[in-house]
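1. I would like the atomic coordinates for the input below:
(one chain, ligands or ions: 1)
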Amino acid sequence: MALFDPKRPAPPKPLTSTSSSSSTPSRISSGGRPVSATSLPPARGLQRPAMPATPPAAASTRPLTGLPLRESGSREFAFTASDFERVRTMIYQHAGISLSAAKQDMVYSRLARRLRATNKGSFGEYLDMLEKGGGDEWERFVNSLTTNLTSFFREPHHFPIFAEHLKKLSGRNPIRVWCSAASTGEEPYSIAMTVVEAFNSFTTPVSIIATDLDTNVLATADKGVYALDRVERLSPERLKRFFLKGSGSQEGFAAVRPELRRMIQFQQVNLLDASYPVKGPLDVIFCRNVMIYFDKPTQYKILSRFSPMMQSDGLLFAGHSESFLHAADLFRSLGKTVYELARRAR
Ligand SMILES: C[S@@+](CC[C@H](N)C(=O)[O-])C[C@H]1O[C@@H](n2cnc3c(N)ncnc32)[C@H](O)[C@@H]1O
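-> From the prediction side, this is the model:
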């Protein structure tokens, strides 16, 4: 593995959605642990948290009937409004995700793959199988329906605020940070890079746990190997300090350095669970761009679980379009979608 050579940066490209099935090299000789190995703890069985039986009505532009949603001639499988309604209810109960009517085509194309993989002839047959237990297919069903868009230093204004907070906590040990919707890892690695920069060392008092519901994205995060176009917007200094560049058969990929990788513990956690296996008290929670998929009552439940896990001076980072005004008794906005505890002692 060569050191990252920032002299020949690839031309900038727009950030794209990360697909959990994106191809990564089978192995990068990083000199550290083999990045092909997945060291995730075994995924826990997906629990079924207590949720209302049905999701809130989709803001639908068409009546939900038993009719096919689109001319069946253009599709391999018939997909009726009642099939979509069943999917909506199931993913809402398992993951809290509220699918709007606009997501019908996305749901069809993602689940059609699962029908093929499980040799089911119709959505009804596939969904019946899940409702009767489904075994491992539940995990694949959920993984298929999550949206994993992310990037390194996404919403970059948060990272200097985070770094400043770390400096204020100087002397505290450990400082605990939870990245609660880590997706393919770009966010927790951005957090770890910020920590190293704040302490000017890879040895810090900060412990970082990064979790997600989707086991596919966690496996990608755990590998820490990215196509070069995912890292090309990072500064040459960051590339050099935090990445190794693949050569030969690994051409076109970069691996996070083992010392950065070792700073993060990855684990599957469903934010809908009644309690979280994350050790507190937490100094910082990143919960960005996931609440947007939940309705307000679900958001409130999650925030009410976060609140007692936090240090009294803890910070909660939310996504750019997420607002927790409806939970003002729990969290108070500091601006820029950063929140502190409402109960914080002044
Ligand atoms: C759009 S990505 C956001 C990634 C990152 N936080 C960011 O802002 O770039 C949303 C992530 O939330 C995860 N997710 C969805 N429902 C979840 C749940 N119930 N519990 C935990 N994670 C969930 C998805 O798997 C996905 O990786």
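2. Find the residue at the geometric middle of the protein.
-> Ser183 (2.7 Å; CA atoms, centre = their mean).
3. From Thr203, how far off is that one?
-> 27 Å (CB to CB, to the nearest Å). All C-beta spots, glycine's among them, are computed from the backbone N, C-alpha and C.
4. Lys296 now?
-> Going from Lys296 to Thr203 by CB to CB gives 42 Å.
5. the more surrounded of the two?
-> Lys296 (14 against 9; other CB atoms under 10 Å).
6. Now do the contacts for the closest residue to the more buried one other than its chain neighbours.
-> What sits nearest to Lys296 in space, not counting adjacent residues and going by CB to CB, 6 or more residues apart in numbering, is His326, at 5.3 Å. Taking CB atoms under 8 Å, 6 or more residues apart in numbering, we find His326 in contact with Lys296, Gln299, Tyr300.
7. Can you pull up the residues of the stretch 51-200 of the chain that come close to the ligand?
-> Ala95, Gly96, Ile97, Thr146, Thr147, Asn148, Leu149, Thr150, Arg154, Ala181, Ser183, Glu187 (CB under 6 Å from any ligand atom).
8. Flag every buried residue along stretch 205-212.
-> Val206, Ser207, Ile208, Ile209, Ala210, Thr211, Asp212 (16 or more other CB atoms under 10 Å).
9. can you tell me if that stretch touches the ligand.
-> Yes: for stretch 205-212, a contact with the ligand is found by CB under 6 Å from any ligand atom, at Asp212.
10. can you dump the C-alpha coordinates of that stretch into CSV?
-> Output of stretch 205-212 as CSV, limited to C-alpha atoms (Å, rounded to 0.1, in the frame of the first residue of the first chain):
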residue,chain,number,x,y,z
PRO,A,205,-9.2,10.2,25.4
VAL,A,206,-12.1,10.0,22.9
SER,A,207,-14.0,6.8,22.4
ILE,A,208,-16.2,6.7,19.2
ILE,A,209,-19.0,4.2,18.7
ALA,A,210,-20.6,4.2,15.3
THR,A,211,-23.9,2.4,14.7
ASP,A,212,-26.5,1.9,12.0
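11. Now do it: distance to the chain's middle.
-> Centroid displacement of stretch 205-212 relative to its chain, using CA atoms, centre = their mean, to the nearest Å, is 13 Å.
12. now stretch 216-228
-> Counting by CA atoms, centre = their mean, stretch 216-228 comes out at 12 Å from the chain centroid.
13. Can you show me the helices along the protein?
-> 81-95, 104-117, 123-131, 137-145, 158-168, 186-199, 215-223, 228-231, 236-242, 258-261, 296-306 (DSSP state H).
14. helices and strands around the third one, which ones?
-> Going back to what we said before, that points to helix 123-131. helix 81-95, helix 104-117, helix 137-145 (3 or more CB pairs under 8 Å, 6 or more residues apart in numbering; DSSP states H and E).
15. Pull out the buried positions in that helix.
-> Phe123, Tyr126, Leu127, Leu130.
16. Show me what that helix is in contact with.
-> Contacts for helix 123-131 (CB under 8 Å, 6+ apart): 77-80, 83, 86-87, 90, 111, 114-115, 118, 120, 137-138, 141.
17. about what we covered before: quick one: the residue nearest to Lys296 from the ligand, how far?
-> 19 Å (CB to the nearest ligand atom, to the nearest Å).
18. pLDDT value on that residue, please?
-> Predicted confidence (pLDDT) for His326: 97.
19. Okay, now the unreliable bits of the stretch 201-346 of the chain?
-> Scanning the stretch 201-346 of the chain for pLDDT under 70 picks out 345-346.
20. and it, which residues reach the ligand?
-> Asp212, Leu213, Asp214, Val217, Asn270, Leu271, Leu272, Arg288, Asn289, Val290, Tyr293, Gly319.
21. Using ChimeraX, define a selection of the buried residues within these.
-> Restricted to buried positions by 16+ other CB under 10 Å, the ChimeraX selection for those reads:
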select :212,213,214,217,270,271,272,288,289,290,293,319
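22. Excluding chain neighbours, give the residue nearest to Thr220 in space.
-> Thr220's closest residue in space is Thr184 (CB to CB, 6+ apart), at 4.4 Å.
23. try Leu325
-> Ser333 is the one closest to Leu325 (CB to CB, 6+ apart), at 7.5 Å.
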